[in-house]
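> Pasting a predicted model and its sequence here:
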Amino acid sequence: MRTGEIDLLGAVPLFEQAAAVLAARIAASRYPARLPSERALARELGISAGTVRHATQALQQRGLVIILQGRGTFAVPSAPPR
């Protein structure tokens with residue numbers, strides 16, 4: 001985990017911080033299609049898999065990812081600029 005991505009003692013809930021980190025990575029095309037597994041993201045971010053799940057569910061509500069049970073979590077392609 002890069003220092004500064006998740007503040008374990010901060011006032012902002014961990015799932016919101018994780019959602020922000022993942023949204024930024026999606027926007028930067030770090031995850032052009034499928035995101036890493038919840039377990040892998042949890043290890044990378046230093047948080048629990050349940051917190052990662054909560055973050056990806058929040059991103060799904062925002063329309064940034066699609067969660068397919070048993071298949072993974074996928075970034076929603078952004079519309080090309082007009």
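That came through, no problem. Numbers count the residues shown, from 1 in each chain.

> so the closest residue in space to residue 27 that isn't next to it in sequence, which of the three states?
The shortest distance from residue 27 to any non-neighbouring residue, by CB to CB, 6 or more residues apart in numbering, is to residue 78 (7.9 Å). The C-beta positions use only the backbone N, C-alpha and C, and glycine is treated the same way. Secondary structure, DSSP: H, G, I helix; E, B strand; the rest coil: residue 78 is coil.

> low-confidence ranges in this protein?
Along the chain, segments meeting pLDDT under 70 span 1-4, 79-82.

> That one: strands as residue ranges?
Using DSSP state E, the strands of the chain run over residues 65-68, 72-75.

> which secondary structure elements does the last one contact?
Spelled out, it's strand 72-75. strand 65-68 (3 or more CB pairs under 8 Å, 6 or more residues apart in numbering; DSSP states H and E).

> before we move on, back to that, JSON lines please, covering the strands of the chain and showing distance to residue 58 and mean neighbour count.
Formatted as JSON lines, the strands of the chain follow (distance: least, CB to CB, whole Å; neighbours: other CB atoms under 10 Å):
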{"stretch": "strand 65-68", "distance to residue 58": "9", "mean neighbour count": "16"}
{"stretch": "strand 72-75", "distance to residue 58": "12", "mean neighbour count": "18"}
